[in-house]
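J.: How does the following fold in three dimensions:
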Amino acid sequence: MVADQPMDEVALASAVGYPTGEVVAALHTLAVEYDEQGRGFELRSVGGGWRYYTREPFAPVLERFVLEGQQARLTQAALETLAVVAYQQPVSRARVSAVRGVNVDGVMRTLLARGLVEEAGVDEVTGAHRYATTSYFLERIGISSLADLPELAPYLPDLGDLEDDLAALEHRVGAQEAGEPSGAEPHEAPGSGS
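T.: Numbering: from 1, shown residues only. Have a look, this model is predicted:
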């Protein structure tokens, strides 16, 4: 209860002097017991480790008692930017801006400062920094890995198809700016018949 981040199973086993397998079994048993007893807290496996959390119905009471309005929530823009990074990582700021349709530099700085995203290398083609979510991000949203993120809506087009469409559009725009024919035939109005 004193750790400010999830504790991995090996570190916990080392701290208590028991084999890792026994500690893992005990953690799962405790998590189930706390859940069945309806305690005000729960033990969860998140971000590659284990941590105690306040159970959801009791969170507002604890927040009023401890935080007294100090909690700063993420803006809608920050949440949208974070979602793009989470689903497309590693990703450059330019790519996030293209997906969102707005400049995200300020929002990315906020997410970096809060420890929710981090630099994840450099794009070999453009030289731009790429970003990915952190284990703190996983912890804050209560999941163990990115595989636990919900799937994007099934009716959305495939990302690869969208990228192909974008590349084709960019090619047509570039050709038009250069004065070349686009190769696209004009559409006839319905019912005009030819």
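J.: What helix or strand is the most centrally placed residue in the chain located in?
T.: The residue lying closest to the centre of the chain (C-alpha atoms, centre = their mean) is A86, at 2.9 Å. A86 belongs to helix 76-88 when assigned by DSSP states H and E.
J.: same for that helix, what does it pack against?
T.: Using 3 or more C-beta pairs under 8 Å, 6 or more residues apart in numbering; DSSP states H and E, the elements in contact with helix 76-88 are helix 93-100, helix 105-113, strand 129-133. Every C-beta, even on glycine, is put in place using the N, C-alpha and C of the backbone.
J.: Which one of these lies nearest to E177?
T.: Between E177 and the helices and strands packed on helix 76-88, the tightest spacing by C-beta to C-beta is seen for helix 93-100, at 18.6 Å.
J.: could you pull out the strands for this protein?
T.: Secondary structure of the chain (DSSP state E): strands at 41-46, 49-54, 91-92, 117-122, 129-133.
J.: got a list of contacts for the last one?
T.: Residues lying outside strand 129-133 but in contact with it, judged by C-beta atoms under 8 Å, 6 or more residues apart in numbering, are 82, 85-86, 89-93, 96, 108, 112, 116-123, 146.
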